[in-house]
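K.L.:
Would you be able to build a 3D model of this:
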Amino acid sequence: MAISPLAGKPAPKEMLVDPAQLEREYFERSPDLGDPNQLVSFGTSGHRGTPLHGTFTEAHILAITQAICDYRRGQGQSGPLYMGKDTHAMSGPAQRTALEVLAANGVETIIQRDDGVTPTPVISRAILVYNRGRNEQLADGIVVTPSHNPPEDGGIKYNPPNGGPADTDVTKWIENRANELLRTGNAGVKRIPFSAAIKAGNTHQEDFVLPYVNDLRNVIDMDAIRGAGLKLGVDPLGGAALHYWEPINEVYGLNINVVNPKLDPTFSFMTIDHDGKIRMDCSSPYAMARLVGIKDQYRVAFANDPDSDRHGIVTPSVGLMNPNHYLAVAIGYLLTHRPRWSAQAAVGKTLVSSSMIDQVVHKLGRRLCEVPVGFKWFSPGLFDGSCCFGGEESAGASFLRHDGTVWTTDKDGPIMDLLAAEITARTGKDPGEHFTELTAEFGIPYYTRIDAPASPEQKARLGKLSPEAVKESRLAGEPITAKLTRAPGNDAPIGGLKVVSTSGWFAARPSGTENIYKIYAESFRDQAHLDSIVSEAQRIVNNALESSGT
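P.N.:
As a prediction, the model looks like this:
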């Protein structure tokens, strides 16, 4: 992967977006319905796009919100809808548009008071708390966010009553209905002016901050963190968690220094990501360069992306932790420090996450549940307590309360941040030091992810491969022990291929938006072995695609 010469450097002024221009394009631009890229498309995390390309406009939000209202009506859902937004420039206008439709459709909608922003996990928790003990009139939610995407982007996602990301059958229904509305010029959309919507009897403004903050004691050992007197640092990266850290300090008597208190829709304070773009990716060493630069000032430091569903952990011992490494440490710690959790509860990981997690889980005699990419696969298990932890290699995770009941069914960046502090407080060693101990026991994992070119036809075939399409018997000099196109943990299609050998593996998945496929690979031997796996992975995939196309 080519690294931009700007990577890790402050964003130059000429790169910054013009929020006023974005807003004009949002309201004035009409999507070209003849261009498939400008239709509504729900990926793993909702619909995303930018007004600059006609992929995120008022027309899209009107259609999507009406489609959600129609879906709720069809499901008989009449409970409240919790709606949050992050700090991207387009999130405010999009939330206002959505509220105009929700109010007109008679949906009881609850938003953060004073036009505030709200992290994704806060909406998930609010849905679950409201629905606890209820069997009807259940709550659900909408979060207006494009996650860690660049400043010019907007996004919107729907969370059903289980509080987690909507499953494919739900998102496909909403997507199809929204595009149907778009094609009729949104003639079927109900809408009232924002001035009326914000004052409507079914619109409520509440404080989401303190209920979440006060409840943290039930998922994190806040007393241990306070007792250790740790000096902690956080960079919210200009995101929705910014207004949560000072209340956390006040309620629990902690010493968390907000190193970057700025809110700026241009995200001008960011350092440039690997590809030359401004991206608030808290797992990227380039985007996190400023926090890494002051790592020695804090016992542990951490960050979140704009909707705060991802975490980045920085320690004096290793700097920014690879998300895979922190997942392994977090799982090992939680399984030995949560005595009220059921011994039968599984640990969830995606099939592109590190095999170090497998080693940790097996050593502790627990069950591993390996699922396809997408946090939605963890939501049912977290919801009913049969899964105590779910984590993705892309730095998203959540886990159960102390008592083994559900906390959130969506990714929660702040609890993963605070867990790093708890680990340090309770053990006297930071998560980076714990990972060094894991490598002494299990070996050093060498992990990478690269992109390889693929035509739309090849991507389609890759998503439907059978294990029999792989004719090879060896990978980088070792016998192949598994050829997978379905996830071992739940037998769901992985939409690609995973090939496993004795001391390494690779997985290949088609991109949903670009003419590429992604290769994830790991070796427990050395860098040269990893390079061989990656090289052979492309050959194995290409051979399988050729055989499946004949």
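
K.L.:
quick one: strands adjacent to whichever helix or strand residue 449 is part of?
P.N.:
Following DSSP states H and E, one finds residue 449 within strand 446-453. Each strand that pairs with strand 446-453, with its direction, by DSSP bridges: strand 516-523 (antiparallel).

K.L.:
Could you list the buried residues of stretch 8-24?
P.N.:
8, 11, 15, 16, 17, 19, 22, 23 (16 or more other Cβ atoms under 10 Å). Yep, even glycine has a C-beta here, placed from its N, CA and C like the rest.

K.L.:
Hmm, residue 493 is touching residue 372, no?
P.N.:
Yes - between residue 493 and residue 372 there is a contact at 7.1 Å, judged by Cβ atoms under 8 Å.

K.L.:
How far off centre is the helix or strand of the chain with the lowest mean pLDDT?
P.N.:
Each helix and strand of the chain was given a mean pLDDT (mean pLDDT, DSSP states H and E); the minimum falls on strand 42-43 at a mean of 84. Strand 42-43 sits 13 Å away from the centroid of its parent chain (Cα atoms, centre = their mean, to the nearest Å).

K.L.:
re the thing from before, neighbour-wise, which of residue 493 and residue 372 wins?
P.N.:
Neighbours were tallied for residue 493 and for residue 372 using other Cβ atoms under 10 Å; the higher tally belongs to residue 372 (22 against 12).

K.L.:
can you pull the pLDDT of that one?
P.N.:
Residue-level confidence at residue 372 comes out at 95, pLDDT.

K.L.:
same deal with residue 35?
P.N.:
Looking at residue 35, its pLDDT is 95.

K.L.:
cool, and the one 4 residues further on?
P.N.:
In this model, residue 39 is scored at 97, pLDDT.

K.L.:
which helix is the longest one in this protein?
P.N.:
Taking DSSP state H as the criterion, the chain has its longest helix at helix 527-548.

K.L.:
need the contact list for residue 359.
P.N.:
Each residue near residue 359 by Cβ atoms under 8 Å, 6 or more residues apart in numbering is listed here: 328, 438, 442.

K.L.:
In strands only, show me those residues.
P.N.:
Among the contacts of residue 359, no residue falls in strands (DSSP state E).

K.L.:
State the distance from residue 478 to residue 472.
P.N.:
From residue 478 across to residue 472, the span is 11 Å (Cβ to Cβ, to the nearest Å).

K.L.:
More neighbours: which of those two?
P.N.:
Taking neighbours as other Cβ under 10 Å, residue 478 and residue 472 compare with residue 478 leading, 17 against 13.

K.L.:
What sits closest to the more buried one if chain neighbours are left out?
P.N.:
Beyond its immediate neighbours in the sequence, the residue positioned closest to residue 478 (Cβ to Cβ, 6 or more residues apart in numbering) is residue 501, lying 4.0 Å away.

K.L.:
Next up, phi/psi of that neighbour, please.
P.N.:
phi -120, psi -170 (degrees, to the nearest 10).

K.L.:
which residues does it bridge with?
P.N.:
Once the bridges are assigned, which here means DSSP bridges, residue 501 pairs with residue 480.

K.L.:
quick one, what contacts it?
P.N.:
474, 475, 476, 478, 479, 480, 481.

K.L.:
And those residues, which is closest to residue 48?
P.N.:
Sorting those by distance to residue 48 puts residue 475 at the head of the list, at 34.7 Å, by Cβ to Cβ.

K.L.:
what about the nearest residue to that closest one once chain neighbours are set aside, distance to residue 521?
P.N.:
Counting by Cβ to Cβ, 6+ apart, the nearest residue to residue 475 once its immediate chain neighbours are dropped is residue 501, at 4.3 Å. Using Cβ to Cβ, residue 501 is found at 11 Å from residue 521.

K.L.:
Tell me the helices and strands packed up against whatever helix or strand residue 71 lives in.
P.N.:
In the assignment (DSSP H and E), residue 71 maps to helix 58-75. With contacts defined as 3 or more Cβ pairs under 8 Å, 6 or more residues apart in numbering; DSSP states H and E, the secondary structure elements packing on helix 58-75 are strand 46-49, helix 91-104, strand 140-144, strand 154-159, helix 168-183.

K.L.:
Give the rounded mean pLDDT of the first one.
P.N.:
Confidence for strand 46-49, expressed as mean pLDDT, is 95.

K.L.:
partner strands of that strand, parallel or antiparallel?
P.N.:
Using DSSP bridges, the strands paired with strand 46-49 in its sheet are strand 42-43 (antiparallel), strand 154-159 (antiparallel).

K.L.:
ok, and which of the ones you listed has the densest surroundings?
P.N.:
strand 154-159 (a mean of 27; mean count of other Cβ atoms under 10 Å).

K.L.:
what inclination does that strand have with respect to helix 58-75?
P.N.:
Taking axes from the mean of the first three to the mean of the last three Cα atoms, to 10 degrees, strand 154-159 and helix 58-75 form an angle of 0 degrees between their directions.

K.L.:
circling back to that earlier point, out of the helices and strands packed on helix 58-75, nearest to residue 121?
P.N.:
Between residue 121 and the helices and strands packed on helix 58-75, the tightest spacing by Cβ to Cβ is seen for strand 140-144, at 9.7 Å.

K.L.:
Report all helices and strands that the closest one contacts.
P.N.:
Taking 3+ Cβ pairs under 8 Å, 6+ apart as contact, the helices and strands that strand 140-144 lies on are helix 58-75, strand 81-85, helix 91-104, helix 120-131, strand 154-159.

K.L.:
any idea of the angle that strand forms with strand 81-85?
P.N.:
What separates the directions of strand 140-144 and strand 81-85 is an angle of 20 degrees, with the same axes, to 10 degrees.

K.L.:
now what about strand 140-144, what contacts it?
P.N.:
Outside strand 140-144, the residues that reach it (Cβ under 8 Å, 6+ apart) are 46, 65, 68, 72, 77, 79, 81-86, 91, 94-95, 98, 118, 120, 123-124, 126-127, 154-161, 163, 307.

K.L.:
Show me what counts as buried in it.
P.N.:
Neighbour count says strand 140-144 has 140, 141, 142, 143, 144 buried, by 16+ other Cβ under 10 Å.

K.L.:
try stretch 522-539
P.N.:
Residues of stretch 522-539 classed as buried by neighbour count (16+ other Cβ under 10 Å): 522, 523, 524, 525, 529, 530, 532, 533, 534, 536, 537, 538.

K.L.:
can you name the two of those residues that are farthest apart?
P.N.:
Using Cβ to Cβ, the two most remote members of the buried residues of stretch 522-539 are 524 and 538, lying 20.8 Å apart.

K.L.:
Can you dump the C-alpha atoms of stretch 61-69 in PDB for me?
P.N.:
What follows is stretch 61-69 as a C-alpha-only set of coordinates in PDB (Å, rounded to 0.1, in the frame of the first residue of the first chain):
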ATOM      1  CA  ILE A  61     -32.300  11.300   3.900                       C
ATOM      2  CA  LEU A  62     -36.000  12.100   3.100                       C
ATOM      3  CA  ALA A  63     -36.300   8.700   1.300                       C
ATOM      4  CA  ILE A  64     -34.300   6.700   3.900                       C
ATOM      5  CA  THR A  65     -36.200   8.100   6.900                       C
ATOM      6  CA  GLN A  66     -39.600   7.600   5.200                       C
ATOM      7  CA  ALA A  67     -38.500   4.000   4.400                       C
ATOM      8  CA  ILE A  68     -37.600   3.500   8.100                       C
ATOM      9  CA  CYS A  69     -41.000   4.800   9.100                       C
END
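
K.L.:
so for it, what's the average pLDDT?
P.N.:
Averaged over stretch 61-69, pLDDT sits at 98.

K.L.:
Please shift the residue numbers so they start at 35 in all later answers.
P.N.:
Done: numbering now begins at 35, and the last item shifts to stretch 95-103.

K.L.:
chain center to it: distance?
P.N.:
For stretch 95-103, the distance to the chain centre is 22 Å (Cα atoms, centre = their mean).

K.L.:
could you dump the buried residues of strand 174-178 to CSV with pLDDT and distance to residue 371?
P.N.:
As requested, the buried residues of strand 174-178 are arranged in CSV below (pLDDT from 0 to 100; distance: Cβ to Cβ, whole Å):
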residue, pLDDT, distance to residue 371
174, 98, 33
175, 98, 31
176, 98, 35
177, 98, 30
178, 98, 36
